[in-house]
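> Let's see this in three dimensions:
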Amino acid sequence: MESRNPTAPPDVPAAFRVVHRQVEKWRRSRRRGEPMPESLWAMAANLAGKHGVARVARYLRLDYYSLKDRHEVMSRQGIPRSEKKPAFVELALPSTVAVPECIVELENPRGSRMRIHLKGAGVPDLTVLSRSFWDAES
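Numbers count the residues shown, from 1 in each chain. All right, here's what the predicted structure looks like:
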C-alpha cells in the first residue's frame, strides 16, 4: 500500500513520488532513533537541486536545514572546480584617461610647412615624421 502525503499537490513530479515511497518504507521499518540512510538523503538532496530545498523538505517531511546542508555539500562535491562559479569577477571598465593628443607645426628654412596632428601616437612617430620633413628637398 502506497502511503499518501497530505501536503502533496496533484502535479507532483514522478521523482518525488519514488523518493517519497522509499523514505516512507524506511520510516516504517526503522528502529527508533536510527538516522536516515545517506543514500536516501542523497536522493532527496538531488531532488532539492532540481526543485528547491523547501519544496522537497515539505513533501518528504524532512528537516529543512539537514536537507539544505546535505544539498550544499553535494553541490560542492559534485561540481568540478573549473565549473564552479567565481566568487569575484573583475570587470574591465573603459579607461577614463584621455588618449594623448597634440598638434605640432613645423616650418623649415625654405618656407615649407607641415602640421602634424597626433592622437594616441607615440614620440617615435613624431621623430620619424619630423626627420623626413627636414630631410626632404623642396
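> Okay, buried residues for stretch 23-43 please.
23, 24, 36, 40, 41, 43 (16 or more other CB atoms under 10 Å). Just so you know, the C-beta spots here come from the backbone N, C-alpha and C atoms, and that holds for glycine as well.
> So what touches that stretch?
In this structure, residues lying in contact with stretch 23-43 by CB atoms under 8 Å, 6 or more residues apart in numbering are 3, 19, 22, 44, 60, 61, 62, 66, 67, 70, 74.
> Count residues in the vicinity of the third one, would you?
When counting by other CB atoms under 10 Å, one arrives at 16 neighbours for residue 22.
> What residue spans form the domains of this protein?
14-83, 101-135 (automatic domain parsing).
> which of those domains sits most buried?
Highest mean neighbour count of the domains of the chain: domain 14-83, a mean of 14 (counted as mean count of other CB atoms under 10 Å).
> mind checking how far the nearest residue to residue 107 once chain neighbours are set aside is from residue 62?
In space, residue 107 comes closest to residue 113 once its chain neighbours are excluded; the distance is 4.9 Å by CB to CB, 6 or more residues apart in numbering. Residue 113 sits 87 Å away from residue 62, taking CB to CB, to the nearest Å as the criterion.
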